[in-house]
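S.K.: Kindly return the folded structure for what I paste below:
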Amino acid sequence: MALILIADDSPTEVYVIKKILEKNGHQVIIAEDGEQAMELANNKHPGLILMDVVMPKLNGFQATRRLSKDPATSAIPIVIVSSKNQETDRLWGLRQGAKGYLSKPVSESQLITEINHQLGF
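M.R.: Predicted coordinates for the structure are as follows:
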């Protein structure tokens, strides 16, 4: 399947999402903040990034904007997975370059459906 980068500073969220992804045959790498997400995206070239918004150092909106504007990483689809669930948050995330936006808590079916859509499965 795909190598997926989870960018989230919550160990509980990472654990839950990682288990779902591995159960569905994906490999997972983890970033605990936006800066680490950018570094891993550049070095590991994941097939998809699941990006939280509220993180230390560089938030998910900032990291998404930078990754989507960088020619080296702009082809990697980013799906924001956040507890920020207002329509304005979703629209802002998409304007930063995200290809999808899911609100936490995300169900396994929602997550896998979105990933499959983004990866063309």
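S.K.: unless I'm mixing things up, residue 36 is touching residue 7, no?
M.R.: Yes. Because the distance of 7.4 Å satisfies C-beta atoms under 8 Å, residue 36 is recorded as touching residue 7. For every residue, glycine as well, the C-beta is placed using N, CA and C.
S.K.: host element of the residue nearest the centre of the chain?
M.R.: Centroid-nearest residue in the chain, with C-alpha atoms, centre = their mean: residue 50, separated by 1.4 Å. Assigning secondary structure by DSSP states H and E places residue 50 in strand 48-51.
S.K.: downstream neighbour of that strand in the secondary structure list?
M.R.: Following strand 48-51 in sequence, per DSSP H and E, is helix 60-69.
S.K.: coming back round to it: was I right about the residue nearest to the centre of the chain contacting residue 13?
M.R.: No. Using C-beta under 8 Å, residue 50 makes no contact with residue 13, being 9.6 Å away.
S.K.: Three-state assignment for the closest residue to residue 106 other than its chain neighbours, please.
M.R.: Of all residues not flanking residue 106 in the chain, residue 81 sits nearest, at 5.7 Å (C-beta to C-beta, 6 or more residues apart in numbering). Following DSSP: H, G, I helix; E, B strand; the rest coil, we place residue 81 in the strand state.
S.K.: so how far is residue 71 from residue 81?
M.R.: Noted for residue 81: a distance of 25 Å to residue 71, by C-beta to C-beta, to the nearest Å.
S.K.: more neighbours, the two?
M.R.: Neighbours were counted for residue 81 and for residue 71 using other C-beta atoms under 10 Å; residue 81 has more, 26 against 6.
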